[in-house]
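1. Okay, predicted coordinates and the sequence, questions at the end:
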Amino acid sequence: MKGLCLLLLLTGLCSVCQAGQMYKYKDANGHWVFSDKPPEKEQDFSTLQFSSPKKTSYKVQLYNVKNKNGYTLYAKNDFYAPVEVGFTPPNKQTLISKVIPARSRIALFDSKNKTLTVDYRWALGDPNSIADNYQYRAPFNSPKGHKITQAFNGQFSHTNDYNKYAVDIAMDVGTYLTAVRAGTVVWVKDDYHMSGRTNYFLDKANVIKILHDDGTFSSYAHILMDTAIVKEGDNVAVGDKLARSGSSGFSTGPHLHFSVIKNSGLKNIAIPFKFVDDAGIVFIPKRAMIMVGASKL
């Protein structure tokens with residue numbers, strides 16, 4: 001996350017109502033398209049009106065505290081996970097990085113006057129953590145076989161650092177998703193109801209993220225709206241149910257987008273990993289493989 005911070009004492013959570021208009025039409029290949037813009041060429045289309053609650057969270061807050069010599073600028077982290085904050089103090093050109101432990105605050109710097117603006121960015125996780133080569137159970141418990149439709153370096157959408165080592169697993173809407181490893185739930189979003197293949201949907205996917213002992217996160221994306229069983233701060237064991245699968249956000253159809261994420265230094269990236277099945281066979285996920293759900297330990 002990056003921005004120019006206006007230093008106000010912000011409330012932790014506020015709710016507003018987001019309303020909008022969507023256009024529904026078919027593209028040249030006959031596929032349905034949902035977009036906030038009408039089709040460029042003349043053709044039949046329909047409009048969809050919707051409204052939904054939008055939650056705005058300020059999980060990382062910067063604020064001034066008066067001291068005997070002036071003011072101290074603090075950064076507060078409300079996540080159930082450490083956060084790395086990078087900032088440039090006023091009148092300096094050097095970016096400074098500090099890690100804020102989960103549910104904590106730290107002092108960034110002192111100044112004679114209140115600091116009203118500061119360039120900053122932050123990333124979830126501790127950049128000093130080292131992945132421990134853990135072997136992950138299947139992220140669902142359905143005994144039915146599910147096909148991997150896109151794996152590492154997938155050419156359709158697994159082309160940037162955040163998605164390079166992600167895996168897409170096709171599954172029916174409503175399939176139970178389960179924890180691949182024990183950890184703490186640090187991110188839950190399940191408030192969006194639609195999907196599409198335009199850029200409008202890139203940041204709309206419903207997601208659950210779980211922090212593990214080695215500082216990495218498992219991420220479960222495109223979950224079905226209003227199906228999260230867990231909440232932020234919950235501890236989960238391998239095989240615990242998390243939510244149901246869906247097709248929210250940038251998606252061509254019902255599937256789970258699964259990845260293992262770490263902080264590489266003010267940037268979250270996907271890292272390669274291996275699955276292990278109920279028989280103890282370890283494998284690297286490949287496109288067209290059929291995966292079977294894991295039994296709960």
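-> The structure has been received and is ready for your questions.
2. As a check, name the ranges of all strands in the stretch 51-200 of the chain.
-> For the stretch 51-200 of the chain, applying DSSP state E, counting those that start in this stretch gives strands covering 60-67, 70-77, 83-88, 96-100, 104-111, 117-124, 135-136, 145-150, 167-170, 176-178, 183-189, 195-196.
3. Parallel or antiparallel, which strands does the fourth one pair with?
-> Translated: strand 96-100. Taking DSSP bridges as the criterion, strand 96-100 sits next to strand 83-88 (antiparallel) in its sheet.
4. in stretch 235-252, what's buried?
-> Buried positions in stretch 235-252, judged by neighbour count with 16 or more other CB atoms under 10 Å: 236, 239-252. C-beta: built from backbone N, CA, C; applies to glycine.
5. now swap in stretch 275-282 and tell me
-> Those would be 275-277, for stretch 275-282 by 16+ other CB under 10 Å.
6. now swap in stretch 178-193 and tell me
-> By neighbour count with 16+ other CB under 10 Å, stretch 178-193 contains the buried residues 178-181, 183-192.
7. Equivalent analysis for stretch 70-89, please.
-> So for stretch 70-89, counting by 16+ other CB under 10 Å, buried means 71-87, 89.
8. Span of that stretch from start to end?
-> Stretch 70-89 stretches 15 Å from its first residue to its last (CA to CA, to the nearest Å).
9. now swap in stretch 75-92 and tell me
-> Start and end residues of stretch 75-92 are separated by 18 Å (CA to CA).
10. pLDDT value on the closest residue to Asn153 other than its chain neighbours, please?
-> Excluding the flanking residues, the one nearest Asn153 by CB to CB, 6 or more residues apart in numbering is Lys164, at 6.2 Å. pLDDT for Lys164: 91.
11. hang on, isn't Lys164 packed against Phe273?
-> No - with contacts counted by CB atoms under 8 Å, Lys164 stays clear of Phe273, the gap being 11.9 Å.
12. Which of the two has more residues huddled nearby?
-> Phe273 (21 against 16; other CB atoms under 10 Å).
13. Would you list the phi and psi of that one?
-> Here the main-chain torsion angles of Phe273 (degrees, to the nearest 10) amount to phi -150, psi 170.
14. For it, list the residues it contacts.
-> For Phe273, the contacting residues are 134, 136, 165, 260, by CB atoms under 8 Å, 6 or more residues apart in numbering.
15. before we move on, back to that, name the nearest of the buried residues of stretch 275-282 relative to Ala288.
-> Among these, Phe275 lies closest to Ala288 (CB to CB), at 14.9 Å.
16. Nice, that's everything, thank you.
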